[in-house]
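Visitor: predicted structure and sequence below. I'll ask about it afterward.
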Amino acid sequence: MRPIIEFCTNNMHHGTDKLMQELEANPDYDVIEYGCLGNCGECYMFPYALVNGEIVAAATAEELKQQVYNKIKEIEDMFDLLGG
């Protein structure tokens, strides 16, 4: 199962653009950039992304990177557990 990671263009001022570029370089992930994801309060306050539709947020872009990779690992582990 390929994780889908979605970013909001308006959130790039938090430094999420670098994380998005890093993830895009991995052919095992589907990375999508939108003009708006409809989470304006979250977007204004914190770096965030959606991983398979779930909000992943952190205080810094570096922390977000770790949280996104943790969420991807959790999804992959669950997929393996279910026999995927």
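Guide: That came in fine, so what should we check first? Residues are numbered from 1 along each chain as shown.
Visitor: nearest residue to the middle of the chain?
Guide: Compute the mean C-alpha point of the chain, and by Cα atoms, centre = their mean the closest residue is residue 49, 3.7 Å away.
Visitor: let me know whether that residue touches residue 56 as I believe.
Guide: Yes. When contacts are counted by Cβ atoms under 8 Å, residue 49 is listed as touching residue 56 (5.5 Å). For every residue, glycine as well, the C-beta is placed using N, CA and C.
Visitor: need the overlap of contacts for these two.
Guide: 64, 68 (Cβ atoms under 8 Å, 6 or more residues apart in numbering).
Visitor: if we can go back for a sec, checking the residue nearest to the centre of the chain next. Helix, strand or coil?
Guide: Look at residue 49: counting by DSSP: H, G, I helix; E, B strand; the rest coil, its state is strand.
Visitor: list the contacts for it?
Guide: The contact partners of residue 49, by Cβ under 8 Å, 6+ apart, come to 5, 6, 7, 11, 16, 19, 20, 55, 56, 64, 68.
Visitor: give me that answer again for 10 Å
Guide: 5-8, 11, 16, 19-20, 23, 31-32, 37, 55-58, 64-65, 67-68, 71 (Cβ atoms under 10 Å, 6 or more residues apart in numbering).
Visitor: and those, which are buried?
Guide: With neighbours counted by 16 or more other Cβ atoms under 10 Å, these contain buried members at 5-8, 11, 16, 19-20, 23, 31, 37, 56-58, 64-65, 67-68, 71.
Visitor: any buried residues in the helix or strand of the chain at the bottom of the mean pLDDT ranking, and which?
Guide: When the helices and strands of the chain are compared on mean pLDDT, DSSP states H and E, helix 40-45 comes out lowest with a mean of 91. Buried residues in helix 40-45, counted by 16+ other Cβ under 10 Å: residue 43.
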